[in-house]
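Q: give me a 3D structure for the following:
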Amino acid sequence: MNTKKQDMIIEVNDLVKTYLLGKERVRALRGVDFTINRGEIVIIVGSSGSGKSTLLNMLAGLEKPTKGNIEILGHNIAKMSENKLTKFRQKHIGFIFQSYNLLPTMTALQNVSLPLVFKGVAVKQREREAAKLLSAVGLKTHMFHKPTQMSGGQQQRVGIARAFAGSPEIVFADEPTGNLDSKTSLKVMDLIAQLARKKRQTLIMVTHDRALIPYGDQVIDILDGKIQTITKKAEGGSCEIDKEDDTTGNSNSVDDINSCQCSDQCHRDTVRS
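A: Predicted coordinates:
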């Protein structure tokens with residue numbers, strides 16, 4: 001089997017999502033195609049209303065596509081029942097949320113342990129793993145603190161630890177630094193990236209913050225429900241930019257090429273899609 005095919009963990013083909021608002025049809029996604037390999041950090045970037053959150057919801061199986069296929073770990077999740085999707089997410093997927101989504105009556109240790117409860121992990125084992133993850137995100141002294149006793153940055157660290165509990169193959173992050181200041185955002189992003197790299201887990205994150213682009217092995221820039229560019233970091237830190245054809249047939253602009261931020265000394269190779 002081709003090595004690239006073996007490494008592929010997600011394949012998206014002709015993904016379309018249309019919402020009916022009254023009598024008006026709103027196309028949130030307009031025929032999206034891309035692949036993601038195991039261990040990649042993928043940044044989906046775009047402004048509000050660009051379709052990036054809809055795309056993340058599709059990938060996570062939280063919404064059904066109007067058209068197209070999403071294959072994850074060899075399973076077409078677009079055709080799965082809700083019951084099978086729930087079990088699939090419990091087994092293979094972790095989530096990091098912008099608003100933390102911690103249970104207020106539980107301690108940090110209990111919040112991080114929660115995904116392991118659903119996986120049937122024994123109490124002592126899940127507490128050991130949760131404690132280890134909290135130590136890894138710098139919260140060894142906060143294990144028995146409840147969310148109201150922690151700052152926003154600390155709560156997000158608990159959310160990060162919870163997402164990686166049980167070592168899911170894929171972690172989805174929805175604006176994980178959206179409620180944090182710029183300095184804390186970079187520290188939190190460092191933690192997320194380090195945890196993902198350690199066990200070669202795939203991280204897929206949506207954000208409007210272009211300061212986080214350098215963390216990505218692959219950056220998908222989306223606008224009005226359509227991919228504008230896919231920037232891939234090659235070995236040695238260089239980039240290749242694939243640009244979707246537009247209706248005018250224009251080639252990549254200087255602005256498109258200069259938007260590549262994967263490395264301070266990045267060599268930009270522009271490739272027509």
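Q: mind checking the end-to-end distance for stretch 66-76?
A: One end of stretch 66-76 to the other measures 14 Å (Cα to Cα, to the nearest Å).
Q: with stretch 161-174 instead?
A: By Cα to Cα, one end of stretch 161-174 lies 15 Å from the other end.
Q: using CSV, write down the CA coordinates of stretch 104-122.
A: Output of stretch 104-122 as CSV, limited to C-alpha atoms (Å, rounded to 0.1, in the frame of the first residue of the first chain):
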residue,chain,number,x,y,z
PRO,A,104,-18.7,23.4,37.5
THR,A,105,-19.4,20.9,40.3
MET,A,106,-16.3,18.7,39.4
THR,A,107,-12.7,19.2,40.2
ALA,A,108,-10.0,19.5,37.5
LEU,A,109,-9.1,15.8,38.1
GLN,A,110,-12.7,14.7,37.7
ASN,A,111,-13.3,16.8,34.6
VAL,A,112,-10.2,15.3,32.9
SER,A,113,-11.2,11.8,33.9
LEU,A,114,-14.7,12.1,32.4
PRO,A,115,-13.9,10.8,28.9
LEU,A,116,-12.2,7.8,30.4
VAL,A,117,-15.4,7.0,32.4
PHE,A,118,-17.3,6.6,29.1
LYS,A,119,-14.5,4.4,27.8
GLY,A,120,-14.9,2.1,30.8
VAL,A,121,-11.5,2.7,32.3
ALA,A,122,-11.1,1.7,36.0
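Q: so what touches that stretch?
A: Outside stretch 104-122, the residues within contact range by Cβ atoms under 8 Å, 6 or more residues apart in numbering are 90-91, 94, 102-103, 125-127, 129-131, 133-134, 139, 142-148, 150, 158, 161-162, 165-166. Quick note: C-beta positions are derived from backbone N, CA and C, even for glycine.
Q: run the last query once more with 6 Å
A: With contact meaning Cβ atoms under 6 Å, 6 or more residues apart in numbering, stretch 104-122 is reached by 90, 102-103, 126, 130, 133-134, 142-147, 158, 161-162, 165-166.
Q: what does stretch 41-54 give?
A: Identification of contacts with stretch 41-54 by Cβ under 6 Å, 6+ apart yields 17, 28-29, 36, 203-208, 213, 215-223, 225.
Q: sorry, back to before: in helices, which of the contacts of stretch 104-122 appear?
A: If you go by DSSP state H, the contacts of stretch 104-122 have 90, 126, 130, 133-134, 158, 161-162 in helices.
Q: re the thing from before, which of the contacts of stretch 41-54 count as buried?
A: For the contacts of stretch 41-54, a burial check counting by 16 or more other Cβ atoms under 10 Å picks out 17, 28-29, 36, 203-207, 213, 215-223, 225.
Q: tell me what the nearest residue to Thr202 once chain neighbours are set aside is bridged to.
A: Of all residues not flanking Thr202 in the chain, Ile170 sits nearest, at 4.7 Å (Cβ to Cβ, 6 or more residues apart in numbering). For Ile170, the beta-bridge partners are Ile93, Thr202 (DSSP bridges).
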